[in-house]
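J.: quick one: sequence and predicted model below, then my questions.
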Amino acid sequence: MDYLFFVDDIFNFPEEHAMEICEEMIKRNVDIGWACFATPKGMTKELAAAMKRAGCRAVEFGTDSGSEKMLSVLGKSFSLSDVEKATDICRQAELPAAHYVIIGGHGEDKKTLNETFSFFDSIRPDSIIALTGIRIYPNTWLQRASIEQGVIKEDTDLLSPRFYISPDLGEEYMLSSVKERALSRDNWIVQALDIRCSSETMTMLRKLGKRGPLWDML
């Protein structure tokens, strides 16, 4: 094994535990490259440096939006200031960083979409991986909101994937706008629109024996 990925959604929290893992890997001279999911809040210079020494090659943040309004709607515990700080810390530690964003959530509109693109333009992370729409699960507040807004019916079978897209944004506008903007930015990846993430490209990279986050290669 020459590469691994920590699938814990928040590897860097609590920081003390993450630091202990890194220190133990360093102590044992573990020669394996790795990456992880992390939260923007709690990334420190000390931890980033330890992760780098322990063999970390990339960090993927579950940021979800570049709009303060949408971060609040999505129940995030961090602010855009935290996101900017985390990105800068990774850059200083020479750790490539990607941010996952979800476009089309409850309350998303043209203004919040513009805010997201403007924010990531300003901080320039290595990559932004955009997901369009949010899957609706049974017995959730999103299901109730979807019924109230006419996105689905009360008897809609949610075992088959159904995705919420804010009526204030609209699916047609969302897809066309995201496509146009993502294509003009070299650090945006949108799998649903085959933007820098086609199945052919992914297959080719794997056949070439590439290891690690493909977004850093794309």
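T.: That came in fine, so what should we check first? Note that this is a predicted model, so its numbers are computed, not measured.

J.: CA only for contacts and neighbour counts going forward, please
T.: Fine.

J.: so for G107, what's the pLDDT?
T.: Predicted confidence (pLDDT) for G107: 95.

J.: can you offset everything so residue one is 54?
T.: Let's use 54 as the start, then, which means that last one is G160.

J.: tell me the SS of the residue nearest the centre of the chain?
T.: Nearest to the geometric centre of the chain sits Y153, at 1.3 Å (CA atoms, centre = their mean). Put simply, Y153 is strand when judged by DSSP: H, G, I helix; E, B strand; the rest coil.

J.: that one against V136, yeah?
T.: No: if you go by CA atoms under 8 Å, Y153 and V136 don't touch, sitting 11.5 Å apart.

J.: what residues are shared contacts of the two?
T.: T116 (CA atoms under 8 Å, 6 or more residues apart in numbering).

J.: mind listing the helices for this protein?
T.: For the chain, the helices defined by DSSP state H cover 68-80, 98-106, 121-126, 133-145, 163-176, 194-201, 224-236, 252-260, 267-270.

J.: of all those helices, which lies closest to R215?
T.: helix 194-201 (10.0 Å; CA to CA).

J.: what comes into contact with that closest one?
T.: Helix 194-201 is contacted by residues 159, 189-190, 205-207, 217 when judged by CA under 8 Å, 6+ apart.

J.: now do the buried residues in that helix.
T.: 195-197, 199 (16 or more other CA atoms under 10 Å).

J.: could you do stretch 156-165 as well?
T.: Buried residues in stretch 156-165 (16+ other CA under 10 Å): 156-159, 161-162, 165.

J.: quick one: it to chain centroid distance?
T.: 16 Å (CA atoms, centre = their mean, to the nearest Å).

J.: what about that stretch, start to end distance?
T.: One end of stretch 156-165 to the other measures 9 Å (CA to CA, to the nearest Å).

J.: ok, residues contacting that stretch?
T.: 117-120, 122-123, 126-127, 166, 183-187, 195, 217-219, 221-222, 227.

J.: likewise stretch 73-83?
T.: So stretch 73-83 is contacted by 103-104, 106-108 (CA under 8 Å, 6+ apart).

J.: how about 7 Å then?
T.: Under the contact criterion CA atoms under 7 Å, 6 or more residues apart in numbering, stretch 73-83 has outside partners 103-104, 106-107.

J.: I'd like the mean pLDDT over that stretch, please.
T.: 97.

J.: how much space between W194 and R110?
T.: Distance of W194 to R110, given as CA to CA: 37 Å.

J.: can you get me a residue count around F216?
T.: 18 (other CA atoms under 10 Å).
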